[in-house]
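Q: quick one, structure for this:
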Amino acid sequence: MEHPATKPEQYRALGLSTFAFTVCFATWTLFSILGIRISDDLGLSGTQLGLLMATPILSGSISRVFLGIWTNRYGGRRVLGMLMLITAACVYLLTFAKNYPMLLLGALGLGLAGGSFIVGASYTAAWYEPSKQGVALGIFGAGNVGAAITSLAAPLLLLAVGWEKTAQIYAAVLALSGALFTLLAKDDPETAQHAKAQVPSLPERAAPLKELQVWRFGLYYFFVFGGFVALALWLPHYLMGVYGLPLQAAGAVAALFIIPASLFRALAGWLANRYGARRLMYSALIISVACTFLLSYPPTEYVVHGTEGDIRFSLTTVLPMFMVIIFILGLSMSVGKAAVYNHIPVYYPNHVGVVGGVVGMIGGLGGFVLPLGFGVLKDITGIWQSCFMLMFSVVTAALIWMHFAIRKAERVEWAANEERTDLP
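A: Residues are numbered from 1 along each chain as shown. Below you'll find the model as predicted:
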């Protein structure tokens, strides 16, 4: 069936939504850099720094639920444009914070930028027929590269003008981008239909949330997206502590994790369409288990008592090896993100905003819980690698649950003499 939108209209919508999401994601991860300077100024502990970094992720995650509902009703152009302008005001007001509680309050407002994903994803999906939504959403999801922009640009701005002026520059760019998006974007083809349709009740909107499948999507997204955001926030701090890198170099190395993982999202969307989300999700979690296991091993010295004396040797993950493993981990997370979100418009075409908002909220909560857990474990154990130990535990649990769910689904498929490639 031919989609009512023309190809130029589709390309225009995809380009503008991806641009807007990139700017929002760059703002959402701003504390990955500013937090380090603020921590030095205020003498924050690892737990306090982790909470400061994670607070925007919390508000961005929770906001996705009602933003998804509003997007279904009022359209992505209006909601996303207004969201960017409101968030820009919050980022500007953040610069007046003078103590830790005020910074946390400001971080809640900054976190609204994270809600842009579900708005933009719903807006983008509305322009494309189901067979092409996977690729389109993959390209849109590449806006995660905004975190790399912050990792590269924010350290330079921080050294040049300080953290307050850096935040003001981000606020100005976000406000300008929001205004441009509102002016240049068009209402998606479904907005007019939603406006004329009878407004469904809240129980009707939330009906898909009774299905266990929605919460499975959320579980996988907790790791692949939440873990990605958590590492994007934590890596500069980790690299400075473990390898003694200066802030600029730590930001550049973190960008080597973020950029390939973000850009690969577009190809991952195509792979999800081609091979099915079940296979891709399985592969992504297995690779992630292997990578997080290797990264969770702290520097260790061994002594073997030989017949002719002690034999000493040590194991440590040198920086080049760390960069290779983290690169592979980022790609596997990218595949997992595409595998999850590729199916929401297919399974729930009339509830993309609500279902996507809940799944995104759970994933975003991973981005809140994990950095906070990183800081707490660092303070308790004194081991930097404890952050990857936590991630290993999470992804292993997700893989085990998925394996048993797949086996159950396969038994049903065998009985019906058919094979599916979707998530169980």
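Q: what about the helix or strand containing L108, average pLDDT?
A: According to DSSP states H and E, L108 maps onto helix 100-110. Averaging pLDDT along helix 100-110 yields 90.
Q: now tell me what touches it from outside.
A: Residues from elsewhere that reach helix 100-110 (Cβ atoms under 8 Å, 6 or more residues apart in numbering): 27-28, 30-31, 38, 42, 44, 48, 51-52, 55-56, 58-59, 87, 89-91, 93-94, 96-97. The way it works is simple: take the backbone N, C-alpha and C, and place the C-beta from them, glycine included.
Q: again, only this time at 6 Å
A: Residues from elsewhere that reach helix 100-110 (Cβ atoms under 6 Å, 6 or more residues apart in numbering): 55-56, 59, 90-91, 94, 97.
Q: what about that helix, distance to the chain center?
A: Offset of helix 100-110 from its chain centre (Cα atoms, centre = their mean, to the nearest Å): 20 Å.
Q: put the alpha carbons of the helix or strand following it into CSV.
A: Next in sequence after helix 100-110, counting helices and strands by DSSP H and E, comes helix 116-125. The C-alpha trace of helix 116-125 is given here as CSV (Å, rounded to 0.1, in the frame of the first residue of the first chain):
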residue,chain,number,x,y,z
SER,A,116,12.9,13.9,22.7
PHE,A,117,13.5,10.3,21.6
ILE,A,118,10.0,9.0,21.8
VAL,A,119,8.6,12.2,20.3
GLY,A,120,11.0,12.1,17.4
ALA,A,121,10.6,8.3,16.9
SER,A,122,6.8,8.6,16.7
TYR,A,123,7.0,11.6,14.4
THR,A,124,9.5,9.8,12.1
ALA,A,125,7.6,6.5,12.0
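Q: touching helix 116-125 from outside, list them.
A: By Cβ under 6 Å, 6+ apart, the residues outside helix 116-125 that reach it are 14, 17, 21, 24, 64, 67-68, 71, 76, 79-80, 133, 136-137, 140, 188, 345, 352-353, 356-357, 360.
Q: please narrow those to those residing in strands.
A: Per DSSP state E, strands hold no members of the contacts of helix 116-125.
Q: can you flag the buried ones in the residues you listed?
A: Among those, those buried by neighbour count (16 or more other Cβ atoms under 10 Å) are 14, 17, 21, 24, 64, 67-68, 71, 76, 79-80, 133, 136-137, 140, 188, 345, 352-353, 356-357, 360.
Q: mind picking the two most distant members of the contacts of helix 100-110?
A: Taking Cβ to Cβ as the measure, the contacts of helix 100-110 span a maximum distance of 15.2 Å, between S59 and A97.
Q: ok, those two, which is more surrounded?
A: Neighbour totals were compared for S59 and A97, and S59 leads with 22 against 17 (other Cβ atoms under 10 Å).
Q: separation between that one and W127?
A: Between S59 and W127 the computed distance is 28 Å (Cβ to Cβ, to the nearest Å).
Q: next one: G364 relative to I258, how far apart?
A: In this view, G364 and I258 are 17 Å apart by Cβ to Cβ.
Q: wait, I meant H237
A: H237 is 15 Å from I258, where distance means Cβ to Cβ.
Q: can you show me the strands along the stretch 151-300 of the chain?
A: With DSSP state E, counting those that start in this stretch, the ranges of strands along the stretch 151-300 of the chain come out as 300-306.
Q: mind listing what's buried in the helix or strand where L365 lies?
A: In this assignment (DSSP H and E), L365 forms part of helix 352-381. Residues of helix 352-381 classed as buried: 352-378 (neighbour count, 16+ other Cβ under 10 Å).
Q: same deal with stretch 396-413?
A: Across stretch 396-413, burial judged by 16+ other Cβ under 10 Å covers 396, 398-399, 402, 405-406.
Q: just the CA trace of it, in PDB.
A: Taking Å, rounded to 0.1, in the frame of the first residue of the first chain, the C-alpha atoms of stretch 396-413 are listed here in PDB:
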ATOM      1  CA  THR A 396      23.600 -11.900  31.900                       C
ATOM      2  CA  ALA A 397      20.300 -11.800  33.600                       C
ATOM      3  CA  ALA A 398      18.700 -10.300  30.400                       C
ATOM      4  CA  LEU A 399      20.200 -13.000  28.300                       C
ATOM      5  CA  ILE A 400      19.000 -15.800  30.500                       C
ATOM      6  CA  TRP A 401      15.500 -14.500  30.600                       C
ATOM      7  CA  MET A 402      15.500 -14.000  26.800                       C
ATOM      8  CA  HIS A 403      16.900 -17.500  26.200                       C
ATOM      9  CA  PHE A 404      14.000 -19.200  28.100                       C
ATOM     10  CA  ALA A 405      11.500 -16.900  26.500                       C
ATOM     11  CA  ILE A 406      12.800 -17.900  23.000                       C
ATOM     12  CA  ARG A 407      12.700 -21.600  23.800                       C
ATOM     13  CA  LYS A 408       9.100 -21.200  24.900                       C
ATOM     14  CA  ALA A 409       8.300 -19.300  21.700                       C
ATOM     15  CA  GLU A 410      10.100 -21.900  19.600                       C
ATOM     16  CA  ARG A 411       8.000 -24.700  21.100                       C
ATOM     17  CA  VAL A 412       4.800 -22.900  20.000                       C
ATOM     18  CA  GLU A 413       6.300 -22.300  16.600                       C
END
